[in-house]
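**Student:** quick one, fold the following:
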Amino acid sequence: MSKKILAFGAHPDDVEFGCAGLLIKEIESGSQVKIVVCSLGEAGTNGTSEGRQREAEMAAKLIGAEIEFISLGGDSHMENTPENAFKLAKIIREYKPNIVLSTSYFENQHPDHYALSQMARSASRLARYGGLEELKKLPSHTIESLYFYPSSHGFEKKPDIIIDVSAQYDTWMKAVALHESQMKTKNYMNMIESRAKAYGASIDVKYATILWVNDAIRTNTLSQLGSSARNY
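**Tutor:** Model (predicted):
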């Protein structure tokens, strides 16, 4: 079933590095995807704001996603404030996604990633409250699910969901490579490939990507669920 998916990233490369493989797969299945980048990565060691925006725009075009840039205080200055959460909630009300994705919620990472995960969680809740003065110009919206994607190596915590993206891997890596300025900072291609191979091996496919859930997954019957990651 096709869905509308909204993916928040703190910096221009976060979504591509963390979850572009599954976004490509969703788009191939008919889903619509919008990426919202919450800074221009101006604090990065390499690259300019203008250059990094162009890299993100090219990557989104390759993936087939819509993209929007906003500011939540600037790179390395993001704070989980009600004002910033309302900004994200307004975007949720405008786009009306079924699914929201955000950076992982682990504290030991870039502080913007952690702050954004908290804001995305708050915004997903605020978007459905009908009486909020700050959002009253837009109808309330209730999302179905909130997930978090890896922001670094992805081995901090056992994943909740593992998705086979073997068929989408080459396009995913092309999208990652478009963030050329960041490849001067670290061998991100190697890190992402290693993660995808490791999780792929865990479910007996070539490449996979992972998510963490915000809440338990609701189902009517066990038979509706897919198989577990462990091959019993």
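**Student:** now do the same for I67: helix, strand or coil?
**Tutor:** Following DSSP: H, G, I helix; E, B strand; the rest coil, we place I67 in the strand state.
**Student:** who are the contact partners of it?
**Tutor:** K34, I35, V36, V37, A56, E57, A60 (Cβ atoms under 8 Å, 6 or more residues apart in numbering). All C-beta atoms are positioned from the backbone trio N, CA, C, and that covers glycine.
**Student:** looking at this, the second one is in a strand?
**Tutor:** Same thing as I35. Yes - assessed by three-state DSSP, I35 belongs to a strand.
**Student:** count of residues packed around it?
**Tutor:** 27 (other Cβ atoms under 10 Å).
**Student:** again with the last one
**Tutor:** Look at A60: counted by other Cβ under 10 Å, it has 25 neighbours.
**Student:** then the fourth one?
**Tutor:** By other Cβ under 10 Å, 25 other residues sit near V37.
**Student:** from K87, how far out is the residue nearest to L138 when sequence neighbours are not counted?
**Tutor:** In space, and not counting its chain neighbours, L138 is closest to R93: 4.0 Å by Cβ to Cβ, 6 or more residues apart in numbering. R93 sits 11 Å away from K87, going by Cβ to Cβ, to the nearest Å.
**Student:** strand partners (parallel or antiparallel) of whichever helix or strand L6 is part of?
**Tutor:** Element membership for L6, per DSSP states H and E: strand 4-9. The pairing partners recorded for strand 4-9 under DSSP bridges are strand 32-37 (parallel), strand 99-103 (parallel).
**Student:** and the ones you listed, which is most packed in?
**Tutor:** strand 99-103 (a mean of 26; mean count of other Cβ atoms under 10 Å).
**Student:** how far off strand 32-37 does whichever helix or strand comes after that one point, in degrees?
**Tutor:** The C-terminal neighbour of strand 99-103 among helices and strands, as given by DSSP H and E, is helix 111-126. Interaxial angle of helix 111-126 relative to strand 32-37 (axes from the mean of the first three to the mean of the last three Cα atoms, to 10 degrees): 130 degrees.
**Student:** list the buried residues of helix 111-126.
**Tutor:** Across helix 111-126, burial judged by 16 or more other Cβ atoms under 10 Å covers 112-124, 126.
**Student:** those helices in this protein, which residues are they?
**Tutor:** 14-28, 49-63, 82-95, 111-126, 169-177, 188-202 (DSSP state H).
**Student:** wait, which of those is closest to F8?
**Tutor:** Each of those has some distance to F8 by Cβ to Cβ; the shortest is helix 111-126, at 5.2 Å.
**Student:** okay, the closest one in CSV with CA atoms only?
**Tutor:** Backbone C-alpha positions of helix 111-126 (Å, rounded to 0.1, in the frame of the first residue of the first chain) are rendered in CSV as follows:
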residue,chain,number,x,y,z
PRO,A,111,23.8,16.9,19.2
ASP,A,112,21.6,18.1,16.3
HIS,A,113,20.6,14.5,15.5
TYR,A,114,19.5,13.9,19.1
ALA,A,115,17.7,17.3,19.3
LEU,A,116,15.9,16.7,16.0
SER,A,117,14.7,13.2,17.1
GLN,A,118,13.1,14.8,20.2
MET,A,119,11.5,17.6,18.2
ALA,A,120,10.2,15.2,15.6
ARG,A,121,8.6,13.1,18.3
SER,A,122,7.0,16.2,19.9
ALA,A,123,5.9,17.5,16.5
SER,A,124,4.2,14.3,15.5
ARG,A,125,2.1,14.5,18.7
LEU,A,126,1.4,18.3,18.4
